[in-house]
Each structure stands twice: as C-alpha cells, then as structure tokens.
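Undergrad: Predicted model and sequence follow; I will ask about them next.
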Amino acid sequence: MYSPPISAECSDIYGGDSLYKCVCGEYMLPHVMTPSQVIIHQYDSYQLSQNIGHDPKDWTYDECMYAEDPYRLGMHATVEAIWEKEKHVVFAPACYEHGILTWGDFQNVKVDGISAQDQLISWLEDNVRLRAVSYCEGVNCQPTCPQIEMGPYSWCIDKKLTKQADKKQELIREPKPKFEM
C-alpha cells in the first residue's frame, strides 16, 4: 500500500485514526514544512464543480449558498491557518478558477493590487510577506478574475437580489400580456 510522505508536525497533530487529514489540503497545508507560496482560489472551480456538479451559471440558490458557506468559509479558515505560519505566503483571490500557473493569471489576477507574481517576488527578493486574501463578496467579485458565464443564482449573498432573480426568471417564463386599447 502507498504511504504518502507526511510531515512530523502534521502527524503529531492528527496521528492515529485522523492521520488521513495529513493528505487533505484543508488540514495538511498549514503544516507543510517547506516554506511555500500557497495559491488558493476561494471558489476553486475544480472542487466546486465536483461537489455541485456544474458551473455557477447553472447554480441553484442552495448550491450558491453551499459555495459561500460552508465552502468559502472553509477556504478562509484554511487560508488563515496557513498565513499564521510565517514560513508561508498565501495568495487567495475570490475567483472561480483552478490552476493559476497554467494560464496568464499569475500576473493578471490581483487582490488589492497584488498579483501572485508580485507576492512571490516580494517574499523571495525582499523577505516581505504581502497579504493577498480577498474579502469581497461573491464568486468572481474581483474585477481581475477571469470572466465566467453567470446565471441568476451565481451570486446569492443578498437575499433581496436573489428574490429579484426569482422574479426575473418568472417574468422570462410567463407569456407577456397583450396590450389592448
């Protein structure tokens, strides 16, 4: 059976029946021993598409709420746990994306004016940890996130807006009344 390498720090914390947590990013990342830049998309497109089954344009209200809580709140908890370890930096935009290094987004996606590239260079060359964690509300709430197709429930933070989306969907489905004089 394969035995993945597990850090002593993680093993000490989650030993025994909970050792599996040391191979799950949510638990393991704060205990990585090698100084690292950790890039976490708060709406990780791969994970959310696996959990929900489709992209934000087709989310229901409940699926959107899942993406916000528990999913994004869990991502924030992981980000904070990693940031507390001074040997790491975290770049955490609120984008629906996965794999920033495979696209041009390493330089283009910015959190408070800081790209992942800016953060890494500052850390490596100047030994300065730039905090780049997004706190805007909703999927792809940053203007520098890659464009995605949105639907009526892609954004669900404000229930009033969700009710407006419901009404809009009803109006789209209802036949328009004819105007008579």
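TA: Yep, that arrived. It should be emphasised that the depicted structure is a prediction, and the values quoted were computed from it without experimental measurement.

Undergrad: Low-confidence stretches in the protein?
TA: 102, 159-181 (pLDDT under 70).

Undergrad: how far away is residue 6 from residue 77?
TA: Per Cβ to Cβ, to the nearest Å, residue 6 is found 21 Å from residue 77. C-beta: built from backbone N, CA, C; applies to glycine.

Undergrad: Distance-wise, check the residue lying closest to residue 135 once chain neighbours are set aside relative to residue 139.
TA: Spatially, and ignoring its direct neighbours in sequence, residue 135 is nearest to residue 94 (7.9 Å; Cβ to Cβ, 6 or more residues apart in numbering). To residue 139, residue 94 is 7 Å away according to Cβ to Cβ.

Undergrad: Mutual contacts of the two, please.
TA: Common neighbours of residue 94 and residue 139 (criterion: Cβ atoms under 8 Å, 6 or more residues apart in numbering): residue 43.

Undergrad: The residue nearest to the spatial centre of the chain: what's it in contact with?
TA: In the chain, the centroid-proximal residue (Cα atoms, centre = their mean) is residue 42; its distance is 1.1 Å. Counting by Cβ under 8 Å, 6+ apart, residue 42 touches 72, 75, 76, 79, 92, 93, 94, 95, 134.
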